[in-house]
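Engineer: Here's my sequence, what's the structure:
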Amino acid sequence: KATLIIGTLVPHYNKIYIAKVLLKQKIPVQEIGKALGQHPYFLNKFIQSTRAFSEKRLRQVVQLVYDLDYESKTTGEDSARLSLQNFAFRIKLLNATT
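Structural biologist: The predicted structure is shown next:
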């Protein structure tokens, strides 16, 4: 279901955004992992992916995810499926412009 997928995107990108802010404040990686409930086995890969995002791009993606979440909650499952497909295209467009 599209709404289930969207429901996992929101906390995932929230964690990435929070980790990015904490990394910028020089918080140790282990503390970030504990604060975000990130399993130690996946922590290094998570931090690497977080560092790979530019702040500008991450803000854009988070905004898209929030818009997608709002749309899915206000328009129903069929529309959520279409919005999720459009989300993939919007992410692709962000890749082309950054």
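
Engineer: Looking at stretch 15-26 now, give me its mean pLDDT.
Structural biologist: For stretch 15-26, mean pLDDT rounds to 95.

Engineer: how near is the residue nearest in space to the middle of the chain to residue 81?
Structural biologist: In the chain, the residue lying closest to the centroid (Cα atoms, centre = their mean) is residue 13, at 1.9 Å. Per Cβ to Cβ, to the nearest Å, residue 13 is found 20 Å from residue 81. C-beta coordinates here come from the backbone N, C-alpha and C atoms, glycine included.

Engineer: Surely the residue nearest to the centre of the chain is in contact with residue 65?
Structural biologist: Yes. Here residue 13 reaches residue 65: they are 4.9 Å apart, a contact under Cβ atoms under 8 Å.

Engineer: other SSEs contacting the biggest helix by length in the chain?
Structural biologist: Longest helix of the chain, by residue count under DSSP state H: helix 2-24. Of the remaining helices and strands, those touching helix 2-24 by 3 or more Cβ pairs under 8 Å, 6 or more residues apart in numbering; DSSP states H and E are helix 29-36, helix 40-52, helix 55-75, helix 77-97.

Engineer: Done for today, thanks.
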